[in-house]
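Visitor: output the structure for:
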Amino acid sequence: MKTNIVLIGMTGSGKSTIGEKLSQQLDMPFKDIDHFIEQTTKKTVSKLFEVSEAHFRAIETQACKELAVTESYTVISCGGGVVLNPENIEALRKTGWIVFVDRPVEHIIKDIEIGHRPLLKDGENVLYQLNEQRLGLYQSFADFRVDNQSDLEEVLSTIKNNLPKTITHKRRG
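Guide: Alright, predicted model coming up:
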């Protein structure tokens with residue numbers, strides 16, 4: 001049974017902020033895959049990328065598989081590139097509802113610190129390229145899409161209204 005809520009979308013789209021708040025409102029644990037990777041490897045995502053992107057992506061796939069089978073009734077925030085390997089989504093989809101957090105690149109650029117994002121070290125144009133490469137993947141893998149251009153409470157309400165009641169009422173009924 002699908003009991004997790006899995007947030008996918010571009011880096012800086014608001015997945016972690018939305019995930020933390022959603023987990024509080026639904027009284028569910030929150031897991032950020034990048035933080036999980038940093039805790040288990042004892043290395044930052046940037047350091048793992050320094051080895052190679054392929055190295056990081058292999059670790060990311062293992063993390064997706066592990067979280068999918070060990071967590072239930074958990075909000076999981078994924079890194080922006082999680083959709084690059086269909087194996088990741090396949091694992092996460094077995095136990096989770098996939099929510100695409102869609103935010104225009106222009107809004108992301110205003111909000112994020114590019115220096116902390118390994119793939120964006122070459123500037124904001126990379127963000128447009130990544131969005132172009134990944135948008136179709138986010139759309140095709142998502143169970144539903146939420147537009148993150150309004151206030152946080154409206155985004156959270158949209159997500160909760162699109163989830164099955166078995167998740168949103170797990171401890172209330």
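Visitor: please count neighbours and contacts with C-alpha atoms only from this point.
Guide: Will do.
Visitor: could you list the low-pLDDT ranges of this structure?
Guide: For the chain, applying pLDDT under 70 flags the ranges 112-123, 170-173.
Visitor: break down it into its strands, ranges please.
Guide: 4-8, 30-32, 75-77, 96-102, 144-147 (DSSP state E).
Visitor: reformat those as CSV; add mean neighbour count and distance to I109.
Guide: Listed next are the strands of the chain as CSV, based on neighbours: other CA atoms under 10 Å; distance: least, CA to CA, whole Å:
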stretch, mean neighbour count, distance to I109
strand 4-8, 27, 18
strand 30-32, 20, 21
strand 75-77, 28, 20
strand 96-102, 24, 14
strand 144-147, 18, 16
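Visitor: so which of these is nearest Q129?
Guide: Q129 lies closest to strand 96-102 among these, at 15.4 Å (CA to CA).
Visitor: make TSV out of the strands of the chain and add distance to T166.
Guide: Shown next, in TSV, are these (distance: least, CA to CA, whole Å):
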stretch	distance to T166
strand 4-8	11
strand 30-32	18
strand 75-77	14
strand 96-102	12
strand 144-147	17
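Visitor: any idea how far G81 is from T168?
Guide: Taking CA to CA, to the nearest Å as the measure, T168 falls 27 Å from G81.
Visitor: ok, what's across the strand from the closest residue to F30 other than its chain neighbours?
Guide: With sequence-adjacent residues excluded and distances taken as CA to CA, 6 or more residues apart in numbering, F30 is closest to V75, at 4.8 Å. For V75, the beta-bridge partners under DSSP bridges are I5, F30.
Visitor: who's in contact with V75?
Guide: With contacts defined as CA atoms under 8 Å, 6 or more residues apart in numbering, the neighbours of V75 are 4-7, 19-20, 22-23, 28-31.
Visitor: kindly recompute the last result at 10 Å.
Guide: For V75, the contact set (CA atoms under 10 Å, 6 or more residues apart in numbering) comprises 3-7, 16, 18-24, 26-32, 96-97.
Visitor: and the spatially most central residue of the chain, how far from R145?
Guide: Centroid check for the chain by CA atoms, centre = their mean gives C78 as the closest residue, at 2.7 Å. Per CA to CA, C78 is found 15 Å from R145.
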